[in-house]
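S.K.: Structural data only, the sequence is not supplied:
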């Protein structure tokens, strides 16, 4: 189990490393080619759109055909997306193609990896292992922007070539080490849900899907506007943005690796409520930025709350899925990506009209989203005892 967990953690790490690399590089690519800045948002949105429409299909396929096969396919496709971006750097349509490919196969990896962990864990230890996966995601966000900035000094293509090669090495290692998990215990329940993901929406798990959307919607709003706001506030540079996201990534990893795995079975909703309150506090602090330290502090407080809510939600959703781990993970991933589709466009527009006041709106949304927790608690319509 230890080898499998380490490998699955590395897969998640490289998926989010690939996403993080884009953060400091993409604006530079667009500016150097004298293209409209709208393409920065377009290339981010198309990735999320591709994941959104394909993740439920990958999740259902993962439940039917097995996890390892999907992980292999996902790694091949994800590696290809890096090479496409590097090879067609000066071809805008192909850059869009590369982002579509990356989005499609990142969905396959996320659902297969999450389903794999669901198969090989019990309710008692799932928080622990989901925490490990969350920590690897945090590390990906740490090293992604950092790697993009460092290797980007050599060449803007270099980070993508390096990531593509590393992903292929993980593919080789996974083909040797990974063994398809035995479908025992809760995993046998997947046959009780033949209608797929749509059926899950009839149960209280739907509130967790909606909360997942809101958590990611707020996160994506920060990712798309934080740099723009801080340029006006403190004339922040691209390198400084990379450092701040690196610091917040360490907070993310620390929370998910050190805190989430200590969450006891049955106490998840209390932790989620606390996490959303912390998230709101971080958002309220952002408009008061007067220096780089304060910007990093506010971002880190926000990240701590968001990371805590995000990972506990993944674990709780898997427990509520009635053994349909892959399908539930695919649905959650699609809700996350819907947030990543809508938030950048909306928040980028709002910041031109409201400046830092948009973070008060975000904080309000974080508090209001706690309603989904109470709706989940009040409903007895669960798949756990199906």
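M.R.: Yep, it's here. Worth saying up front: this structure is predicted, and the values here are computed from it rather than measured.

S.K.: Hmm, residue 358 and residue 350 touching each other?
M.R.: Yes: if you go by Cβ atoms under 8 Å, residue 350 and residue 358 touch, sitting 4.7 Å apart. Where you see a C-beta, it was placed from the backbone N, CA and C, and this is true even at glycine.

S.K.: out of the two, which sits in the busier spot?
M.R.: Just comparing residue 350 and residue 358: by other Cβ atoms under 10 Å the higher neighbour count belongs to residue 358, 24 against 16.

S.K.: Look at the more buried one and give its secondary structure.
M.R.: Of the three states, residue 358 takes helix under DSSP: H, G, I helix; E, B strand; the rest coil.

S.K.: pLDDT wise, what is it at?
M.R.: With respect to pLDDT, residue 358 scores 91.

S.K.: That one and residue 285: what is the separation?
M.R.: As for residue 358, its distance to residue 285 is 14 Å (criterion: Cβ to Cβ, to the nearest Å).

S.K.: What segments of the stretch 251-386 of the chain are helices?
M.R.: Listed in chain order, the helices found in the stretch 251-386 of the chain under DSSP state H, counting those that start in this stretch are 268-285, 292-319, 325-354, 358-368, 370-378.

S.K.: so which of those gets nearest residue 106?
M.R.: Smallest distance to residue 106 across the helices of the stretch 251-386 of the chain (Cβ to Cβ): 8.7 Å, for helix 325-354.

S.K.: Just the buried residues of stretch 237-251, please?
M.R.: Across stretch 237-251, burial judged by 16 or more other Cβ atoms under 10 Å covers 238, 240-249, 251.

S.K.: And for stretch 99-115?
M.R.: Using 16+ other Cβ under 10 Å as the burial criterion, the residues of stretch 99-115 that qualify are 99-115.

S.K.: pLDDT weak spots in the stretch 201-350 of the chain?
M.R.: Along the stretch 201-350 of the chain, segments meeting pLDDT under 70 span 201, 256, 260, 323-327, 329-330, 333.

S.K.: whoops, the stretch 1-150 of the chain was the one
M.R.: Ranges of the stretch 1-150 of the chain meeting pLDDT under 70: 1-2, 31, 37, 122-128, 130-131, 134-135, 138, 141-142.

S.K.: would you list every one of the helices in it?
M.R.: With DSSP H, counting those that start in this stretch as the criterion, the stretch 1-150 of the chain has helices at 2-32, 38-65, 67-87, 92-119, 123-152.

S.K.: how far does stretch 362-373 stretch from start to finish?
M.R.: Separation of the first and last residues of stretch 362-373 by Cα to Cα, to the nearest Å is 18 Å.

S.K.: Run the chain-centre distance for it.
M.R.: Stretch 362-373 has its C-alpha centroid displaced from the chain centroid by 19 Å (Cα atoms, centre = their mean, to the nearest Å).

S.K.: What residues of it count as buried?
M.R.: Of the residues in stretch 362-373, 362-363, 365-366, 369-370, 372-373 count as buried by neighbour count, 16+ other Cβ under 10 Å.

S.K.: who are the neighbours in contact with residue 72?
M.R.: Residue 72 makes contact with 171, 174-175, according to Cβ atoms under 8 Å, 6 or more residues apart in numbering.

S.K.: Identify all contacting residues around stretch 91-102.
M.R.: Contacts to stretch 91-102, defined as Cβ under 8 Å, 6+ apart, come from residues 18, 29, 33, 35, 39, 42-43, 46-47, 49-50, 77-78, 80-82, 84-85, 87-89.

S.K.: contacting residues around the closest residue to residue 300 other than its chain neighbours?
M.R.: Nearest non-adjacent residue to residue 300, counting by Cβ to Cβ, 6 or more residues apart in numbering: residue 251, 4.6 Å away. By Cβ under 8 Å, 6+ apart, residue 251 lies in contact with 138, 300, 303-304, 307.

S.K.: rerun that using 10 Å as the cut-off
M.R.: Shown in contact with residue 251 (Cβ atoms under 10 Å, 6 or more residues apart in numbering): 138, 142, 296, 299-304, 306-307.

S.K.: any idea which of the residues you listed has the most stuff around it?
M.R.: Neighbour counts for the contacts of residue 251 peak at residue 307, which has 31 neighbours (criterion: other Cβ under 10 Å).

S.K.: Look up how far residue 257 lies from that one.
M.R.: Taking Cβ to Cβ, one finds residue 307 at 10 Å from residue 257.

S.K.: Quick check: the gap between residue 71 and residue 101.
M.R.: Taking Cβ to Cβ as the measure, residue 71 falls 17 Å from residue 101.

S.K.: Take the contacts of residue 251 and lay them out in a markdown table including distance to residue 210.
M.R.: Below are the contacts of residue 251 laid out as a markdown table (distance: Cβ to Cβ, whole Å):
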| residue | distance to residue 210 |
| --- | --- |
| 138 | 24 |
| 142 | 29 |
| 296 | 31 |
| 299 | 25 |
| 300 | 27 |
| 301 | 24 |
| 302 | 21 |
| 303 | 22 |
| 304 | 23 |
| 306 | 16 |
| 307 | 19 |
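
S.K.: Grab the nearest non-local neighbour of residue 369.
M.R.: residue 214 (4.1 Å).

S.K.: how about the one helix or strand the one you found maps to: buried residues?
M.R.: According to DSSP states H and E, residue 214 maps onto helix 205-234. Neighbour-count burial for helix 205-234 flags 205-227, 229-230, 233 (criterion: 16+ other Cβ under 10 Å).

S.K.: what's the offset of stretch 69-88 from the middle of its chain?
M.R.: In terms of Cα atoms, centre = their mean, the centre of stretch 69-88 is set 18 Å apart from its chain centre.
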